[in-house]
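Peer 1: How does the following fold in three dimensions:
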Amino acid sequence: MEQVSAFGHLKQQDFPESFKFYFKNKSAQNVQNDIRALNDLVRPRLKIAVVTETWPPEINGVALSLLQLCKGLQQQGHKILLIRPEQKQGCSQFAPNKECLVLAQAIPRYPSLKFGWPQFLKVAGAIDAFEPDVVHIVTEGPLGLAALQAAKTKKIPVSSGFHSAFQDFSRFFDLAFLLKPIQRYLCWFHNSTQLTCVPSRD
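Peer 2: Have a look, this model is predicted:
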């Protein structure tokens, strides 16, 4: 495909004929600035439902990484529905466009760790009202499972995040005998989504 010389990474078909004369009479730097502005105008804005059982002010790698992800997505113009368990304190660093809070339940013997109740009707209702383009599930617990079923019922694409090897953590919770069932569940869960995001060097 023929390229436009001033900005080789874009194909001619990306812009209408009327833009070609405009670009010929501008410096390369100004052209790049104009391209960024045009891309901002035409970049699709998505409505994303993010489902997580951990969120700041909880301090852990998943919660803090997800906070940065949500902030970055919102800065690019995407709208976020945050589905998460209730917390005693809120997060002052991010305000989602919509929020759905479910009941939280502490893990026995580890009261600082909580999971969200699988309130299917509440989650499904929030997804219905928000009409997301995609549902992104960060944790595979009861809340994540409820969101997965709700999204599949409504035929909404689902992506998932595999951030923590929960099957390995089972040893620390005196649940080593559940190692194989947890592995099978995690495999089934992520294979039930269209895309699974994992940490990488990139």
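Peer 1: ok, which stretches of the chain are strands?
Peer 2: Assignment of strands within the chain using DSSP state E yields the ranges 47-51, 79-85, 98-102, 104-107, 110-116, 134-137, 158-161, 195-197.
Peer 1: which one of these has the lowest average pLDDT?
Peer 2: For those, mean pLDDT drops lowest on strand 110-116, to a mean of 71.
Peer 1: if we can go back for a sec, need the strands of the chain in JSON lines with distance to E58, can you?
Peer 2: Where C-beta positions appear, they are placed from N, C-alpha and C, glycine not excepted. As requested, those are exported to JSON lines (distance: least, CB to CB, whole Å):
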{"stretch": "strand 47-51", "distance to E58": "15"}
{"stretch": "strand 79-85", "distance to E58": "10"}
{"stretch": "strand 98-102", "distance to E58": "14"}
{"stretch": "strand 104-107", "distance to E58": "11"}
{"stretch": "strand 110-116", "distance to E58": "8"}
{"stretch": "strand 134-137", "distance to E58": "17"}
{"stretch": "strand 158-161", "distance to E58": "16"}
{"stretch": "strand 195-197", "distance to E58": "20"}
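Peer 1: Put together a markdown table for the ones you listed, with mean neighbour count and distance to W188 on each row.
Peer 2: Formatted as a markdown table, these follow (neighbours: other CB atoms under 10 Å; distance: least, CB to CB, whole Å):
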| stretch | mean neighbour count | distance to W188 |
| --- | --- | --- |
| strand 47-51 | 24 | 17 |
| strand 79-85 | 23 | 21 |
| strand 98-102 | 18 | 22 |
| strand 104-107 | 14 | 22 |
| strand 110-116 | 15 | 18 |
| strand 134-137 | 24 | 13 |
| strand 158-161 | 22 | 11 |
| strand 195-197 | 14 | 12 |
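Peer 1: Appreciated, that's everything.
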